[in-house]
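[1] model the structure of this input:
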Amino acid sequence: MEKLQVKNYMEEIVFSMLNDVLKNINICKCENCLMDIASKALNDLPPHYVVTEKGEVYSKINALRQQFEVDVISAITKASVLVNMNPRHLKC
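    Below is the predicted model of the structure:
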């Protein structure tokens, strides 16, 4: 029997879409900036917690991704602008 866990699917969706959304945006894409963008986007999006068996998360991402896609793209884009204006490092 698999162990049950609580998972925020929104986190999975943001991280699965992050690179695609940012690929044509001219910003720093170092690990610090990417994590800051993801964090800011997640703080601006409502969480979507579910109870799932370990390993089941990825099979449900696509269904929820379509449902939340516009909001996630908007949140990532807005977060990238903010992080780009206020990076936590001197230069990439």
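[2] can you find the helix or strand of this protein with the lowest average pLDDT?
    Sorting the helices and strands of the chain by mean pLDDT, DSSP states H and E puts strand 49-53 at the bottom, at a mean of 78.
[3] now the angle from the next helix or strand after it to strand 49-53?
    Remark: after strand 49-53, the chain's next helix or strand is helix 57-85, criterion DSSP states H and E. For helix 57-85 against strand 49-53, the angle by axes from the mean of the first three to the mean of the last three Cα atoms, to 10 degrees is 140 degrees.
[4] elements contacting helix 57-85?
    If you count contacts as 3 or more Cβ pairs under 8 Å, 6 or more residues apart in numbering; DSSP states H and E, helix 57-85 packs onto helix 9-22, helix 31-44. Just so you know, the C-beta spots here come from the backbone N, C-alpha and C atoms, and that holds for glycine as well.
[5] name the helices or strands packed onto the last one?
    It refers to helix 31-44. helix 9-22, helix 57-85.
[6] re earlier: can you list the helices and strands packed on helix 57-85 in JSON lines and add mean pLDDT and mean neighbour count?
    Output for these, formatted as JSON lines (pLDDT from 0 to 100; neighbours: other Cβ atoms under 10 Å):
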{"stretch": "helix 9-22", "mean pLDDT": "93", "mean neighbour count": "18"}
{"stretch": "helix 31-44", "mean pLDDT": "97", "mean neighbour count": "18"}
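[7] okay if I get those as JSON lines plus distance to residue 78?
    JSON lines is the format used below for the helices and strands packed on helix 57-85 (distance: least, Cβ to Cβ, whole Å):
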{"stretch": "helix 9-22", "distance to residue 78": "11"}
{"stretch": "helix 31-44", "distance to residue 78": "7"}
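[8] so for residue 73, which of those helices sits nearest?
    helix 9-22 (5.5 Å; Cβ to Cβ).
[9] now what about that closest one, what contacts it?
    The contact list for helix 9-22 (Cβ atoms under 8 Å, 6 or more residues apart in numbering) reads 29, 34, 37-38, 41-42, 45-50, 57-58, 60-61, 64-65, 68-69, 72-73, 75-77, 80.
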